[in-house]
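> got a predicted structure plus its sequence, pasted below:
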Amino acid sequence: MTLTLDDVRRIAHLARIDVDAQAVSDVHAKLEAIFAMINELQAVDTAGVEPMSHAQDVVLPLREDKVTETDRHADFQRIAPAVEDGLYLVPRVVE
């Protein structure tokens, strides 16, 4: 993909970036270098390469899935300012 100076000005305008007339050519050169790197990466053959979520085989230790706390629902409901049918009632904030 080749960019013109007008393309750089348009992109800068759309991104709401103030690029003065002298810096347009510098930004153009930097964008062209970025696109050249992208083209190099796309030229690499990745057929048969399995996608990875991490560069190393990192596995988090898993714990047994069991309940470790007691049910204190009734204790919390008892000290709540307003409760109805097991639900906490809160003041209306939107009218």
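In hand now; what should we look at?
> going forward, measure contacts between C-alpha atoms and count neighbours the same way
Noted.
> packing partners of the longest helix along the chain?
Longest helix of the chain, by residue count under DSSP state H: helix 24-43. Judged by 3 or more C-alpha pairs under 8 Å, 6 or more residues apart in numbering; DSSP states H and E, helix 24-43 is in contact with helix 5-14.
> buried residues in the helix it packs on?
Across helix 5-14, burial judged by 16 or more other C-alpha atoms under 10 Å covers Val8, Arg9, Ala12.
> from the residues you listed, pick the one nearest Gln42.
Taking C-alpha to C-alpha as the measure, Gln42 lies nearest Val8 of the buried residues of helix 5-14, at 22.9 Å.
> isn't that closest one right up against Asp26?
No - taking contacts as C-alpha atoms under 8 Å, Val8 lies outside contact range of Asp26: 10.1 Å.
> residue closest to the middle of the chain?
Ser53 (15.0 Å; C-alpha atoms, centre = their mean).
> tell me the secondary structure of that residue, please.
Three-state call for Ser53 (DSSP: H, G, I helix; E, B strand; the rest coil): coil.
> roughly how far apart are it and Arg92?
45 Å (C-alpha to C-alpha, to the nearest Å).
> what about Ala36, neighbour count?
The tally of other residues near Ala36 (other C-alpha atoms under 10 Å) stands at 14.
> I meant His28, not that one.
Neighbourhood size, His28 [other C-alpha under 10 Å]: 19.
> which pLDDT value goes with the residue of the chain positioned farthest from its centre?
Distance from the centre of the chain peaks at Arg78, with 40.9 Å (C-alpha atoms, centre = their mean). Arg78 carries a pLDDT value of 94.
> check Ser53 too.
Ser53 is assigned 83 on the pLDDT scale.
> report the mean confidence score over stretch 29-44.
The model assigns stretch 29-44 a mean pLDDT of 93.
> so what's the gap between that stretch and the chain middle?
Centroid separation for stretch 29-44 versus its chain: 23 Å, with C-alpha atoms, centre = their mean, to the nearest Å.
> now swap in stretch 78-93 and tell me
A distance of 36 Å separates the centroid of the chain from that of stretch 78-93, by C-alpha atoms, centre = their mean.
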